[in-house]
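> Take a look and give me a structure for this.
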Amino acid sequence: MGLLTNLLFFPVTGPVAGVRWTLGKVQRVVEDELTDDTPIKQELMELQMLLELGDIDDAEYVRREAILMQRLREVRDWRVARDEDSEGGAAE
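Residues are numbered from 1 along each chain as shown. Have a look, this model is predicted:
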């Protein structure tokens with residue numbers, strides 16, 4: 001009976017399952033981008049270069065570095081929370 005029910009309701013459940021799968025993939029990509037700290041590290045290196053070249057002064061460097069370091073902490077906190085969620089879900 002289960003196979004017959006699946007075949008009869010496939011026009012409704014098929015697209016729903018496809019949308020659910022697609023949204024899951026999109027969510028995974030977005031989370032991967034949110035937890036990637038490479039762009040922030042690149043910005044920190046560029047900021048250091050600007051300071052060394054004399055394009056910005058120490059006060060500007062400290063201000064901008066504080067902002068970048070806060071973003072880096074947020075990304076790392078997000079990564080830790082995401083890892084804990086995935087580990088907790090797997091254990092259940």
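
> Quick check: closest non-adjacent residue to the residue positioned nearest the centre of the chain.
Note on the chain: the residue nearest the mean C-alpha position is Leu34, at 2.3 Å, using C-alpha atoms, centre = their mean. Excluding the flanking residues, the one nearest Leu34 by C-beta to C-beta, 6 or more residues apart in numbering is Trp78, at 5.8 Å. Yep, even glycine has a C-beta here, placed from its N, CA and C like the rest.

> Show me the shaky parts of this structure.
The chain contains residues with pLDDT under 70 at 1, 86-92.

> and if we set it to 80?
1, 6-7, 84-92 (pLDDT under 80).

> which residues in it form helices?
Remark: helices assigned in the chain by DSSP state H are 2-34, 38-53, 58-91.

> If I take the shortest one and helix 58-91, what angle do their directions form?
In this case it means helix 38-53. In this structure, helix 38-53 runs at an angle of 160 degrees to helix 58-91, with axes from the mean of the first three to the mean of the last three C-alpha atoms, to 10 degrees as the basis.

> Dump helix 38-53 to PDB, restricted to CA.
What follows is helix 38-53, C-alpha atoms only, in PDB (Å, rounded to 0.1, in the frame of the first residue of the first chain):
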ATOM      1  CA  THR A  38      39.600  34.100   4.600                       C
ATOM      2  CA  PRO A  39      38.200  37.500   3.300                       C
ATOM      3  CA  ILE A  40      38.500  39.000   6.800                       C
ATOM      4  CA  LYS A  41      42.100  37.800   7.100                       C
ATOM      5  CA  GLN A  42      42.800  39.300   3.600                       C
ATOM      6  CA  GLU A  43      41.400  42.600   4.800                       C
ATOM      7  CA  LEU A  44      43.600  42.500   7.900                       C
ATOM      8  CA  MET A  45      46.700  41.900   5.700                       C
ATOM      9  CA  GLU A  46      45.700  44.800   3.400                       C
ATOM     10  CA  LEU A  47      45.200  47.000   6.400                       C
ATOM     11  CA  GLN A  48      48.700  46.100   7.700                       C
ATOM     12  CA  MET A  49      50.100  47.000   4.200                       C
ATOM     13  CA  LEU A  50      48.400  50.400   4.200                       C
ATOM     14  CA  LEU A  51      49.900  51.100   7.600                       C
ATOM     15  CA  GLU A  52      53.400  50.100   6.500                       C
ATOM     16  CA  LEU A  53      53.100  52.100   3.400                       C
END
